[in-house]
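Student: Make a model of this:
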Amino acid sequence: MGSALLIIDVQQALCSGKLEVFEAARVIDTVNLVAAKARAARALVVLIQHETDDGLFVYGSPGWGLADGLVVGVGDLRIRKRSPILFTTLS
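Tutor: As a prediction, the model looks like this:
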């Protein structure tokens with residue numbers, strides 16, 4: 001089984017404006033560096049985008065889009081998610 005890099009919720013609404021995360025530009029640069037290394041190692045790069053029925057994360061809206069400056073490779077996989085929690089545990 002190969003390796004994969006998951007890039008989760010690096011979206012425009014969280015990287016600019018009122019919800020901008022701390023040091024968003026540095027975070028995007030770091031994600032791009034790690035993703036480039038993953039692609040060079042032939043690992044799968046998966047970009048996961050959160051979406052909602054209303055608000056900033058409506059599918060196709062500017063806020064839903066990937067953050068400005070985030071590099072997307074030709075072979076990268078994109079996944080839409082509707083739950084704010086990507087990983088859950090079963091008990």
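
Student: Can you tell me, leaving aside adjacent residues, what's nearest to A35?
Tutor: The shortest distance from A35 to any non-neighbouring residue, by Cβ to Cβ, 6 or more residues apart in numbering, is to V45 (5.3 Å). (C-beta placed from N, C-alpha, C; glycine too.)

Student: what sits opposite that neighbour in the beta ladder?
Tutor: L5 (DSSP bridges).

Student: Let me see the ranges of the strands in this structure.
Tutor: Counting by DSSP state E, the segments of the chain that form strands are 4-8, 44-50, 77-81.

Student: about what we covered before: run through the residues that contact the residue nearest to A35.
Tutor: Residues near V45 by Cβ atoms under 8 Å, 6 or more residues apart in numbering: A4, L5, I7, A35, A38, R39, G73, G75, D76, L77.

Student: and what of P62?
Tutor: Listed by Cβ under 8 Å, 6+ apart, the contact partners of P62 are Q12, A13.

Student: Next up, phi/psi of the residue lying closest to A25 once chain neighbours are set aside, please.
Tutor: Nearest non-adjacent residue to A25, counting by Cβ to Cβ, 6+ apart: G69, 7.1 Å away. The phi/psi pair for G69 (degrees, to the nearest 10) reads phi 90, psi -10.

Student: Quick check: G69 touching V27?
Tutor: No. The pair G69 / V27 is not scored as a contact, 10.1 Å apart, by Cβ atoms under 8 Å.
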